[in-house]
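Novice: Whatever this is, show me its structure:
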Amino acid sequence: MDIKNKRVTVIGLGNSGLNAALLAREKGAEVFVTDSANTPELKKAKLELESKGIEVEIGEHTECFVKGSDLVVVSPGVENSSAAVKWALKEKIPIISEMELGYAFCRGRIIAITGTNGKSTVTTLIGEILRAGDKRVVVCGNIGNSLCGEVSKIKDDTWVVLEVSSAQLERIERFRPHIAVILNITDDHRDRYRTFYEYFNYKLRIFSNQQADDILVLNYDAENLRRLKGLTRSRVVFYGKQKVAGNTYNISAYVKDEWVCCRLNGKEREIVPVVAIKLKGVHNLENVLACSLVGALVGVEDGPMREAIKNFKGLEHRFETVDTINGVEYINDSKGTTVDSAKRALESCEKPVILIAGGKDKHSDYSVARDVIKKKAAHVVLMGEAAPMIKKALKNTVEIHEADDMYDAVETAHKLAKEGWIVLLSPMCSSFDMFKNYEERGRVFKDAVKRLKNSLHGVKT
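Specialist: Have a look, this model is predicted:
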């Protein structure tokens, strides 16, 4: 992509927009950035970009910033309803995503991971496995720093492990990962997409440009992914919790005799015993299968891969044990922002659960969790904007309590819990009604648990 002396407008000044603007400027473009918000973080970013000769407006979008552009780069948080996007469409200016811009200047081989749940865990663990195998690795994307922000570190022999969201895939053109991984696709982001099928189809764009020498890794246990085999030009390999004998699919990673195994080129490899995996839950066993398969495809030997998996403790806010107080285990799954992720978390609990849920409503169908909540949960404690909707959806399944905030929710759960039970924060919702993000929500939960423990032991806070 040649953007030298071209006018490039970037919409959105988060991490993605900031790095896209800097990369475009480095490649010789005349760069403009527009963001309708006006926060201390944006003011700081504005000063940084202006010191590089980039013109920035915050607090509003003005048409003059977009009009006359040769290219518009859209950050993933920007929706089509944005006035700036509408002006670009009206002027018939080419629009691409930040990830597409980064891809245009990326020299390495890309492993792209998408899915409704588990993306960050899988992206991080694949990075650890490849590093253990002495590969040059850059981990980026939706997990942290954007692809544009990492381009300067990527060489020809670099493996780029890239977490990819549906929003990042909306405006790709040539983006082509050598290995694409789809973990699962369940109902989510109904606040952004009109239907599940619209969301589903954007996810599938991850392999739309793949060719015969590329690889698509799919979860065999997800029926809606199993059917994708005939829709791609790339080689398809599956992972699943059990090897399916005599089927027409190529199940290349599976569990056999309590070992995670991979079979490639006719050879079965025992990667790691299930008991040695520190990550809790059936969903994380699926994640380890996906990571093992990618590691094997890239050429990592069994020994280094085994050690990387055994040493991986998981990510904060993802089914993370915070503490055990008076025999009650408190688990922080604040990243469980979908109904499906909460279902998976509940299914991984072998003891009675008090579920803390609620947050900003994403127009999800909470009723699909009724059966697992009825089976696993003794009580549900609700808070936040979505509490009335969840309460209505769970009517006649379990005793429901309401809390004013996280501290009240943890205190309520403590009063209800019995020894041997689990208090699980798995909200089914995004956090933006009460918190800056899911990380802040998780930290507040952990602080509430700490305060509870201190109060029970007479420690002043």
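
Novice: And the nearest residue to residue 78 once chain neighbours are set aside, how far from residue 447?
Specialist: Nearest residue to residue 78 in three dimensions, chain neighbours excluded: residue 12, at 4.5 Å (Cβ to Cβ, 6 or more residues apart in numbering). C-beta here means a position set from N, CA and C on the backbone, and glycine is covered the same way. According to Cβ to Cβ, to the nearest Å, residue 12 and residue 447 sit 31 Å apart.

Novice: What lies in contact with the helix ranked longest in the chain?
Specialist: The residue-count maximum for a helix in the chain (DSSP state H) belongs to helix 438-456. Here helix 438-456 makes contact (Cβ atoms under 8 Å, 6 or more residues apart in numbering) with 316-317, 320, 322-323, 325-326, 330, 332, 334-335, 337, 356, 359, 406-407, 409-411, 414, 425, 427, 430-431, 434-435, 459-461.

Novice: mind listing what's buried in it?
Specialist: 438, 441-446, 448-450, 452-453 (16 or more other Cβ atoms under 10 Å).

Novice: For residue 155, which residues are in contact?
Specialist: Applying Cβ under 8 Å, 6+ apart, the residues near residue 155 are 107-108, 136.

Novice: Can you tell me the SS state at it?
Specialist: On the three-state scheme (DSSP: H, G, I helix; E, B strand; the rest coil), residue 155 is labelled coil.

Novice: Nearest the middle, which residue of the chain would you pick?
Specialist: Residue closest to the mean C-alpha point of the chain, counted by Cα atoms, centre = their mean, is residue 119 at 4.2 Å.

Novice: That residue touches residue 126, doesn't it?
Specialist: No: in this structure, residue 119 is not within contact of residue 126 by Cβ atoms under 8 Å, at 10.7 Å.

Novice: where are the low-confidence patches of the chain?
Specialist: The model of the chain has pLDDT under 70 over residues 188-191, 243-250, 460-461.

Novice: Break it down into its structural domains.
Specialist: Here the domain parsing of the chain from automatic domain parsing is 7-93, 100-311, 320-456.

Novice: of these, which approaches residue 1 most closely?
Specialist: Smallest distance to residue 1 across these (Cβ to Cβ): 3.7 Å, for domain 100-311.

Novice: how long is the closest one end to end?
Specialist: Domain 100-311 stretches 34 Å from its first residue to its last (Cα to Cα, to the nearest Å).

Novice: quick one: that domain to chain centroid distance?
Specialist: In terms of Cα atoms, centre = their mean, to the nearest Å, the centre of domain 100-311 is found 12 Å from the chain centre.

Novice: Helices of the stretch 251-400 of the chain, residue ranges please.
Specialist: Counting by DSSP state H, counting those that start in this stretch, the stretch 251-400 of the chain has helices at residues 282-298, 302-311, 339-347, 370-376, 387-393.

Novice: just the angle between the first one and helix 302-311, please?
Specialist: Okay, so that is helix 282-298. 150 degrees (axes from the mean of the first three to the mean of the last three Cα atoms, to 10 degrees).

Novice: For helix 282-298, buried residues please.
Specialist: Neighbour counts over helix 282-298 (16+ other Cβ under 10 Å) mark 283-298 as buried.

Novice: And the fourth one, by the same measure?
Specialist: Neighbour counts using 16+ other Cβ under 10 Å place 372-373, 376 of helix 370-376 among the buried residues.
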